[in-house]
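[1] Quick one: sequence plus predicted model below, questions after.
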Amino acid sequence: MSSGARTHHLQLPLDAQAVSELAVGDMVMLSGDVTISIGLPTHQRMVRDIEAGTPLPLDLTGGAFFHLSTYVRDAQGDIPARALYMNPSTSTRYNAYMPALIRGLGLRLVGGKGGLDVASVAALRDTGCAYLSFLGGGCTLLSQSIERVVSTHWNEYISQFRLTTLRVRDLGPATVAIDAHGRSIYDELRTQASDRLPAIMEQLKRRREAAQG
């Protein structure tokens with residue numbers, strides 16, 4: 001992880017140059033329209049549509065697709081629809097679908113918590129897309145960024161599974177956990193842990209020996 005991490009205030013949609021400047025460990029605050037869903041059926045349906053050449057109900061080119069849960073209270077008379085919260089979900093459960101979505105939709109940012117697998121990292125690198133990690137338990141902070149509901153699609157699903165687009169201001173802070181060059185904070189942490197393991201095991205061995213002596 002870079003010791004010179006920066007904070008970026010970004011306005012969606014993004015171009016490839018803006019994303020290429022993000023480095024692992026940088027912090028991001030996002031404004032604009034973000035599309036979210038935590039539905040496995042939603043991801044499966046998106047991939048089927050991409051493979052069939054069927055346009056999705058919204059254009060995500062240059063945009064952001066996040067594994068964030070929400071509940072949208074439907075519009076009632078003059079009262080507009082309202083998203084009550086946003087909360088990050090674990091991205092690894094969608095590993096099977098993310099490479100196709102990253103490659104097929106022209107996305108610039110994806111995110112959630114927990115990272116993505118090697119195939120997804122390759123797709124991020126090949127297309128110039130980055131993965132943002134949102135704070136687990138950061139529901140209150142993230143929810144404060146919601147300005148309004150822009151649209152919801154596939155409303156036959158429960159609210160959390162719908163393809164929902166929200167207008168946000170200063171969504172974050174989120175950490176660049178996988179950048180568009182294929183660098184991953186998760187790989188770096190695993191390497192650091194692996195490098196430290198022999199010393200930790202030796203220290204434990206000495207403690208055991210001292211206790212037995």
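    Alright, I've got the coordinates.
[2] just the CA coordinates of the strand of greatest length in the chain, formatted as PDB?
    Secondary structure of the chain per DSSP state E: the longest strand is strand 163-178. Extracted C-alpha coordinates of strand 163-178, given in PDB (Å, rounded to 0.1, in the frame of the first residue of the first chain):
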ATOM      1  CA  LEU A 163     -31.300  -2.400 -10.100                       C
ATOM      2  CA  THR A 164     -31.500   1.000  -8.300                       C
ATOM      3  CA  THR A 165     -29.800   4.200  -9.300                       C
ATOM      4  CA  LEU A 166     -29.200   6.900  -6.600                       C
ATOM      5  CA  ARG A 167     -28.000  10.400  -6.900                       C
ATOM      6  CA  VAL A 168     -25.300  10.900  -4.200                       C
ATOM      7  CA  ARG A 169     -23.000  13.600  -3.000                       C
ATOM      8  CA  ASP A 170     -19.700  12.800  -1.300                       C
ATOM      9  CA  LEU A 171     -20.400   9.000  -1.000                       C
ATOM     10  CA  GLY A 172     -17.600   7.600   1.000                       C
ATOM     11  CA  PRO A 173     -14.900   7.600   2.100                       C
ATOM     12  CA  ALA A 174     -14.100   4.400   0.100                       C
ATOM     13  CA  THR A 175     -10.700   2.900  -0.300                       C
ATOM     14  CA  VAL A 176      -9.200   2.000  -3.700                       C
ATOM     15  CA  ALA A 177      -8.700  -1.700  -2.900                       C
ATOM     16  CA  ILE A 178      -8.000  -2.900  -6.500                       C
END
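[3] can you pull the pLDDT of the nearest residue to residue 82 once chain neighbours are set aside?
    Distances taken as Cβ to Cβ, 6 or more residues apart in numbering put residue 73 closest to residue 82, at 4.8 Å, once the chain neighbours are dropped. Backbone N, C-alpha and C define where each C-beta goes, glycine included. For residue 73, the pLDDT comes out at 94.
[4] related to what we said a few turns ago, and the longest strand of the chain, what does it pack onto?
    Packing partners of strand 163-178 (3 or more Cβ pairs under 8 Å, 6 or more residues apart in numbering; DSSP states H and E): strand 27-36, strand 130-134, strand 146-153, helix 185-212.
[5] Kindly recompute the last result at 6 Å.
    strand 27-36, strand 130-134, strand 146-153 (3 or more Cβ pairs under 6 Å, 6 or more residues apart in numbering; DSSP states H and E).
[6] ok, back up a step: how many residues are close by the residue nearest to residue 82?
    Using other Cβ atoms under 10 Å, the number of residues around residue 73 comes to 13.
[7] Show me where this structure dips below the pLDDT cut-off.
    Low-confidence regions of the chain, defined by pLDDT under 70, span residues 1-4, 187-211, 213.
[8] any idea which element the residue positioned nearest the centre of it lies in?
    When Cα atoms, centre = their mean is applied to the chain, the residue found nearest the centroid is residue 111 (0.5 Å). In this assignment (DSSP states H and E), residue 111 forms part of strand 109-112.
[9] Could you identify the helix or strand that succeeds that strand?
    helix 118-127.
[10] Can you point out the buried residues in that following helix?
    Within helix 118-127, the residues scored as buried using 16 or more other Cβ atoms under 10 Å are 120, 121, 123, 124, 125, 127.
[11] Could you dump those into TSV with distance to residue 17 added?
    Formatted as TSV, those follow (distance: Cβ to Cβ, whole Å):
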residue	distance to residue 17
120	22
121	20
123	19
124	16
125	16
127	14
